[in-house]
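> Got a predicted structure here, sequence first:
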Amino acid sequence: MERLVPGASLRAVAIKLVVDQCIQGPPMIASMYCWIAIGNGRTVSEVVETLKAHLFDTWVNSVWVWAPVQIMQQTLVPLHYRVSVANLVSYFWDTYLSMMMSPAEAAAAREPAGGAREAEAAAAREPAGGAREAEAAAAR
């Protein structure tokens, strides 16, 4: 990018930021969602639904993380250290994405409020009375 838009002027940094966040960012995030979903056995229609449900919010979070990093990189970090800075931030960003795209998180995101997970949590908090009542009824 430095070859195409050299320098650290406000204009150059803004162009680099917009190109990266608006042109490169969404397709990269979408491809990660697609590969993770396909790797977990999701159908194409499920992948499309996942993208509709999560792509925009994930991209917004990406802008919150990467825009300040990119501004700092373009204005303060010497060119030969920029990849190292990006790799460091990317480690944490990729961890976040992995957590967001994991099957357990995706299932929780798809489940409506008041669903089975809440019932399971309530049952786990409840003393074993519910199970005891079922056992007593079965014994009668």
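Noted; the coordinates are in hand.
> List the contacts of the residue nearest the centre of the chain.
By CA atoms, centre = their mean, the chain has its centre lying nearest to residue 97, at 3.5 Å. Contact analysis of residue 97 by CB atoms under 8 Å, 6 or more residues apart in numbering lists 29, 32, 58. C-beta: built from backbone N, CA, C; applies to glycine.
> What's the PyMOL syntax to select whichever of the residues you listed are buried?
Per 16 or more other CB atoms under 10 Å, the buried members of these correspond to this PyMOL selection:
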select buried, resi 29+32+58
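> Make TSV from the contacts of residue 97 and add distance to residue 1 to it.
As requested, the contacts of residue 97 are exported to TSV (distance: CB to CB, whole Å):
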residue	distance to residue 1
29	18
32	21
58	22
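> Make a markdown table out of the contacts of residue 97 and add pLDDT.
Formatted as a markdown table, these follow (pLDDT from 0 to 100):
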| residue | pLDDT |
| --- | --- |
| 29 | 90 |
| 32 | 89 |
| 58 | 91 |
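> Which of the contacts of residue 97 fall within helices?
Residues of the contacts of residue 97 located in helices (DSSP state H): 29, 32, 58.
> Beyond the helix or strand where residue 51 lies, next helix or strand please.
Element membership for residue 51 (DSSP states H and E) is helix 44-75. Sequence-wise, the next helix or strand downstream of helix 44-75 (DSSP H and E) is helix 82-101.
> Name the residues of that following helix that come out as buried.
Neighbour counts over helix 82-101 (16+ other CB under 10 Å) mark 82, 85, 86, 89, 93, 97, 100, 101 as buried.
> pretty sure the first one is touching residue 72, no?
No - taking contacts as CB atoms under 8 Å, residue 82 lies outside contact range of residue 72: 9.8 Å.
> so residue 8, which of the three states?
At residue 8 the chain is in coil, as set by DSSP: H, G, I helix; E, B strand; the rest coil.
> gap between it and residue 66?
Per CB to CB, to the nearest Å, residue 8 is found 17 Å from residue 66.
> Between the two, which has more neighbouring residues?
A direct count of neighbours by other CB atoms under 10 Å for residue 8 and residue 66 places residue 66 higher, at 19 against 14.
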